[in-house]
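Visitor: Need the 3D shape of this:
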Amino acid sequence: MAKAKAPTSSGGGKAAKKKKWSKGKVKDKAQHAVVLDKPTYDRIIKEVPTFKFISQSILIERLKVNGSLARVAIRHLEKEGLIKRIVHHSAQLVYTRVTSATD
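Guide: The predicted structure is shown next:
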């Protein structure tokens, strides 16, 4: 008789809905530019030297370019003297705009 009660209790458990766990939010894959075209280059030359804080992450987010293009753009702007380095770290390079008062 004890065996007869066990299936009925498990049968009752099936009637109740199982808890559905959240699947989590899925972030859309970013479609960033992988080739530097003329409009993007012009935008980099015009806008980036006016940013107070310049890093690879900032360029990726604002200009919608991929990481390698952001690194190349930062190196180019530093070589041209349009931005100056604040922090040099292996993982993250931090730059700022060049102000006339400091030079």
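Visitor: which stretches of the protein form helices?
Guide: Using DSSP state H, the helices found in the chain span residues 2-15, 38-47, 56-63, 67-80.
Visitor: Any idea which of the ones you listed has the lowest pLDDT on average?
Guide: Across the helices of the chain, helix 2-15 has the smallest mean pLDDT, namely a mean of 56.
Visitor: and residue 60, how many neighbours does it have?
Guide: For residue 60, the neighbour count with other Cβ atoms under 10 Å is 17. For every residue, glycine as well, the C-beta is placed using N, CA and C.
Visitor: how near is it to residue 67?
Guide: In this view, residue 60 and residue 67 are 6 Å apart by Cβ to Cβ, to the nearest Å.
Visitor: Equivalent analysis for residue 86, please.
Guide: Residue 86 sits at a distance of 19 Å from residue 67 (criterion: Cβ to Cβ).
Visitor: quick one, what contacts the nearest residue to residue 44 once chain neighbours are set aside?
Guide: Computed as Cβ to Cβ, 6 or more residues apart in numbering, the closest residue to residue 44 that is not its neighbour in sequence is residue 73, at 4.9 Å. When contacts are counted by Cβ atoms under 8 Å, 6 or more residues apart in numbering, residue 73 touches 36, 44, 48, 59, 65.
Visitor: Which among those count as buried?
Guide: 44, 48, 59, 65 (16 or more other Cβ atoms under 10 Å).
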